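>>> Need a 3D model of the following:
(chains A, B and C)
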Amino acid sequence: MPELPEVETIRRFLSLGQGERPAILGRKLQSVEVFWERSIAYPDSALFVKQIKGQVIQEISRRAKYLVFRLSDRWLLIHLRMSGDLSVRHDSQARDPYDRVVFNLDCSLYLAFNDTRKFGKVWLVDDPELVLAGLGPEPFDPQLTEADFFARLQAYRRQLKPLLLDQSFLAGLGNIYTDEALHLARLHPLMRSDQLSMEQSQQLLESIRQVLMLGIESQGASIDWVYRGGEFQNHFRVYQRTGQPCPTCGTGIFKVTIGQRGTHFCPTCQIKPEL
DNA sequence: AGGGAAACCCGAACGC
DNA sequence: TGCGTTCGGGTTTCCC
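Residues are numbered from 1 along each chain as shown, chains lettered A, B, ... in the order given. Predicted structure coming up:
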């Protein structure tokens, strides 16, 4: 079993080995350089640079797809979106052309927020809830029981695929993990959420947890020249496997578009029930 | 309420 | 060879 997802996630983003303490903990943010203003979601870029100066990094955690840095008396939140990455580098190491925000620390290190496609964002706020309010439960939250999950599904009449991608319904699933979880649970992506039986709902929650756990163990997927992570792509059941055999039954995998997102599924294992 | 589309971005990979 | 077009990742916002 891997450690808690929080720990693994942060380890990956800070390029740490087993048991290593993040070098940036307890360090003071001496200055910040912004190379792409629109990476700063809040407040405006000038204010951000001014207000973060002198803050000390006290603690690092995660909520949904946000990295949460507790500073001396403010909070820094970072969302990497798809192509974003964080790395801790020594001052002697050169900047990358795609560094968007650079945080200079008081120890000859700097934290680089690198983001080829410029979709990632950072926030500096007094209260992290300003950004995080509205997120649904964590998939691994023990408080999220099978009964709760079933009740949440019943509360909507929505297609499973877009619902699972909705971060206010459940926080943390992206396109890859949603397709993988639906296949494992043998549920059609267009099936309406209020039509699942209790048993199917249990199966779905279990599949979500299983797929996420495998993703974490694999340190994420590398699917692109820029979207790099671990080796979860070697475990894909349906994602980006259009036309290739279903691991369960051998049928060729279908790809369709649902809610503007590429959606992969097995037409044999994942049957849409009659309405 | 819920679905669809556009916007934000880039560069690989394609078609011609 | 060199153009132009398409694609897709997560999220917000607007429209029907």
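>>> can you give me the helices for chain A?
A:5-13, A:45-52, A:129-132, A:146-154, A:160-165, A:175-184, A:198-217 (DSSP state H).
>>> Enumerate the positions of the second one that are buried.
Right, the one you point to is helix A:45-52. A:48, A:49, A:51, A:52 (16 or more other Cβ atoms under 10 Å). Heads up, the C-betas are built off the backbone N, CA and C, glycines and all.
>>> same deal with the shortest one?
The neighbour-count criterion (16+ other Cβ under 10 Å) identifies A:131, A:132 as the buried residues of helix A:129-132.
>>> What is the burial count for the closest residue to residue A:69 other than its chain neighbours?
Nearest residue to residue A:69, sequence neighbours excluded (Cβ to Cβ, 6 or more residues apart in numbering): residue A:76, at 4.0 Å. The tally of other residues near residue A:76 (other Cβ atoms under 10 Å) stands at 22.
>>> which residues touch residue A:58?
Taking Cβ atoms under 8 Å, 6 or more residues apart in numbering, we find residue A:58 in contact with A:25, A:26, A:70, A:71, A:72.
>>> again with residue A:115
A:36, A:39, A:80, A:81, A:83, A:84, A:85, A:98, A:100.
>>> Return the member of those residues nearest to DNA strand C.
Nearest to DNA strand C among those: residue A:81, at 4.6 Å, using Cβ to the nearest atom of the strand.
>>> separation between the spatially closest residue to the closest one that is not a sequence neighbour and residue A:111?
Take residue A:81 and drop its neighbours on the chain: the residue closest to it by Cβ to Cβ, 6+ apart is residue A:119, 3.8 Å away. Taken as Cβ to Cβ, to the nearest Å, the spacing of residue A:119 relative to residue A:111 amounts to 19 Å.
>>> Just want to know which of those two has more residues nearby.
In this view residue A:119 and residue A:111 are compared by other Cβ under 10 Å, and residue A:111 has more residues nearby, 23 against 14.
>>> Can you tell me how far the residue positioned nearest the centre of chain A is from DNA strand B?
In chain A, the residue lying closest to the centroid (Cα atoms, centre = their mean) is residue A:65, at 3.7 Å. Using Cβ to the nearest atom of the strand, to the nearest Å, residue A:65 is found at 15 Å from DNA strand B.
>>> Over to residue A:149?
16 Å.
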